[in-house]
Structure formats: structure tokens, C-alpha cells
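In: heads up, no residue letters with this:
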């Protein structure tokens, strides 16, 4: 069954790149509405569908969506991951700025407040996108791939020169609240040497040690250290999960990312939907639906720190 919220969920925070305060509300929506963003600070044409073909290919360091009028909303990936991880497929997201608030750099506060607002099951069968054959895209040594799978499985591999990150690999079947339990509290990260370059370019103005894990030559500078030894690769999985939510319906697929980022995952969705033989829409029976992310999720699935 499709799911929406019982009541609105409210958020206030800063945009990671602008550093400006943003107020955002996620509203319940009706059957077949999908997920839409609405910029309340824009006089007209402020509505943007959360869909793969609205990805701004000039995005840097985040997922930015835009409409034909050129209105955009940035840093959507953590919220989209939270919605998908809670099984929410219909929502209107109103915000008074160009960025989704970063909060604490992951999805856990989004998840916590979405679950506190309550979930309402709509009397409509769940439809999903079944991947029928392998689709792969590459950019240098980066790879993103989708393969047939009875559910959604995510695997990711990263390699960074900083010894505190290094080589990390993790895989996870996303069924039955796995995102909430295993990934939602893994924060975005960067290297200290990258911060100066980003700020010279007018980026990361809202980033702090409270919402970004900062590494510096083998040290973790953020107070409290890591939440998980492999928190960086978990966060990359979180990002990929949020970007895959732009498919427009849950995926029945195995996703593999090797050094992949937002743009490459979007290229993968474009390659999938460019080939009609690579996928089909299916109506899920109860057994299939129970294998999808968010089905049966509850507050008890949240990590204790949330």
C-alpha cells in the first residue's frame, strides 16, 4: 500500500552551501500525488517534481533539482532518503529557500520527525519499478550499476587517500527498516583541505563540525568522532538511496556504486529509463511489498542516539 503522513512535519535549519536559515514543512498528500517541492519564497513557478529528469546536471556536491522556469532546490538527497526509508511516496515539501536544511548532516532528524508526525496507509496497491537486466554507467574509475533483484539491495565501495577513511565496502538489503536502523544517522563528510577550496567557490558556508564529519590526515576533527568505523561509506549509501528515490517509485533492483556520486547515479537512472527493455512497472503483492524499504518501519528502529 502507498503511504503518506498523518500530519505535517516541520523543520528549521541552515542550508549547507548558503548558510542561510530555511524553514521547511513536509505535508501529507493524496494518492498518486508523488513527491513535490514548493518554493514558497518564489512568486510563481516554484513547484518542482522530485524526479530524476529534473536533476540539474550542473549540481556540485549535492543533488539539485530544477524546473523549466529555472527555479531549483538543492541538497535534496538526505530528505529523499528519509522519505523513502520511511516508505513515504506522497508528500508536498514547502520551503522558503533554495536548499533543504542540512540539520545534523544525515537523515536521522528527518526520519525522527516524519515518524513522529505519523504514517497513514492509503488504500492503493504499491507499484514498483522492476529492473529486468543489468544497466551500468561509468566515469573514469567510478561505476554505478543496477541489476535484477527481488527487493532493493545497495552496495557501495569508496577509496580516499586520508588514512582515517581509506578503503571501505558495505552492502545492505534495504527491506524492513534497514535504512533507519543502519544508515540514517551516518553524516556527510569531507577533508579539511577541501573546505577552503569549497568556501572560495561560495560553497559549504553552512557546514560546521556539528553537521559534517571533517577528516585531516588521519584524524577526525569533529567532536565525538565517528558514529561508525565505516560511517563514510554508510553515508555514501544514504546519498545513493536518496538519489534512487527520484526514480518515481520504489526500485526492485541491486544497486552497486564504486566511487560513484550524485551525478553518476542520476546518469544510471537516465540509462535505465532510456531502455524500455530494462524495466517494467509492477503491482506488488503483499510478499513483494514487504521487501521494500520502509514497510513496517517504526520509532524503535531509530538508532539510540537519534
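Out: Good, I have the coordinates. Treat the numbers as computed from the prediction; the structure is a model and nothing was measured. Numbering: from 1, shown residues only.
In: so what's the residue count around residue 294?
Out: Using other CB atoms under 10 Å, residue 294 has 24 neighbouring residues. All C-beta atoms are positioned from the backbone trio N, CA, C, and that covers glycine.
In: mind giving me the domain split of this protein?
Out: 3-121, 127-301 (automatic domain parsing).
In: pipe those into CSV and attach mean pLDDT per row.
Out: Shown next, in CSV, are the domains of the chain (pLDDT from 0 to 100):
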stretch, mean pLDDT
domain 3-121, 94
domain 127-301, 92
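In: residues contacting the nearest residue to residue 39 once chain neighbours are set aside?
Out: Excluding the flanking residues, the one nearest residue 39 by CB to CB, 6 or more residues apart in numbering is residue 46, at 3.7 Å. Going by CB atoms under 8 Å, 6 or more residues apart in numbering, residue 46 touches 38-40, 71.
In: redo that, cut-off 10 Å
Out: Contact partners of residue 46, counting by CB atoms under 10 Å, 6 or more residues apart in numbering, are 37-40, 67, 69, 71, 73, 94-95.
In: do residue 133 as well
Out: Counting by CB under 10 Å, 6+ apart, residue 133 has contacts 146-148, 272, 275, 277-279.
In: sorry, back to before: separation between the residue nearest to residue 39 and residue 67?
Out: 8 Å (CB to CB, to the nearest Å).
In: the strands in the stretch 51-200 of the chain, which residues?
Out: Using DSSP state E, counting those that start in this stretch, the strands of the stretch 51-200 of the chain run over residues 65-66, 72-73, 91-95, 119-121, 127-131, 135-139, 142-148, 152-159, 167-173, 189-191.
In: deepest in the core, which of these is it.
Out: strand 72-73 (a mean of 23; mean count of other CB atoms under 10 Å).
In: who are the packing partners of that one?
Out: strand 35-39, strand 65-66 (3 or more CB pairs under 10 Å, 6 or more residues apart in numbering; DSSP states H and E).
In: quick one: which of those strands is nearest residue 14?
Out: Residue 14 sits nearest to strand 35-39 of all those, at 16.7 Å, using CB to CB.
In: just checking, what packs against the closest one?
Out: strand 21-28, strand 47-49, strand 72-73, helix 77-85, strand 91-95.
In: could you dump the strands of the stretch 51-200 of the chain to CSV with distance to residue 28?
Out: As requested, the strands of the stretch 51-200 of the chain are exported to CSV (distance: least, CB to CB, whole Å):
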stretch, distance to residue 28
strand 65-66, 21
strand 72-73, 19
strand 91-95, 7
strand 119-121, 7
strand 127-131, 19
strand 135-139, 34
strand 142-148, 31
strand 152-159, 24
strand 167-173, 29
strand 189-191, 33
